[in-house]
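A.B. asks: Here is a sequence with its predicted model. Questions after.
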Amino acid sequence: QVQLVESGGGLVQAGGSLSLSCAASGSTFSNYNMGWFRQAPGKERDFVAGITRSGVVSDYSDSVKGRFTISRDDAKNTVYLHMNSLKPGDTAVYYCAATTYYAARGASFYDYWGQGTQVSVSS
């Protein structure tokens, strides 16, 4: 099993930047493809970004492409989400998740989840 703990959320003004971290423990981190999801109040949990085990391939939702960057550091068992040019529409609870499926966008493909971290973007 993998335990995931997100950090780095907070309140930022529109146009600002924020970086999230997700620290993994319990199992071999490099065995897992990792993803970031977000969920706004009253909405479904949506895919934001994903990165493969190798770290070579990354994938982004259209809404964040060009603004967000996902990366991983296997030596630190950590995956990151760097967010630039933030918009009020990016306000949500952000979750990291782990999966053995390659390039998965659906939340149902992910086996392990963190508790989430709140990101709020003011206009």
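C.D. replies: Yep, it's here.
A.B. asks: Okay, strands next: where are they in the chain?
C.D. replies: 3-7, 10-13, 18-25, 33-39, 45-51, 58-60, 68-73, 78-83, 92-99, 112-113, 117-122 (DSSP state E).
A.B. asks: Out of these, which gets nearest to residue 105?
C.D. replies: strand 45-51 (4.4 Å; C-beta to C-beta). Every residue, glycine included, has its C-beta placed from N, CA and C.
A.B. asks: For that closest one, enumerate the helices and strands it packs against.
C.D. replies: strand 33-39, strand 58-60, strand 68-73, strand 78-83 (3 or more C-beta pairs under 8 Å, 6 or more residues apart in numbering; DSSP states H and E).
A.B. asks: I would like the residues contacting the shortest one, please.
C.D. replies: In this case it means strand 58-60. With contacts defined as C-beta atoms under 8 Å, 6 or more residues apart in numbering, strand 58-60 is touched by 48, 49, 50, 51, 52, 68, 69, 70, 71, 103, 105.
A.B. asks: Ends of stretch 54-63, what's the gap?
C.D. replies: 24 Å (C-alpha to C-alpha, to the nearest Å).
A.B. asks: buried ones in that stretch?
C.D. replies: 55, 58, 59, 60, 61 (16 or more other C-beta atoms under 10 Å).
A.B. asks: With adjacent residues omitted, what lies nearest to the residue most central in space within the chain?
C.D. replies: Centroid-nearest residue in the chain: residue 36, 2.3 Å away (criterion: C-alpha atoms, centre = their mean). Leaving aside its sequence neighbours, residue 36 sits nearest to residue 48 (C-beta to C-beta, 6 or more residues apart in numbering; 4.4 Å).
A.B. asks: measure the one you found to residue 26 for me?
C.D. replies: According to C-beta to C-beta, to the nearest Å, residue 48 and residue 26 sit 23 Å apart.
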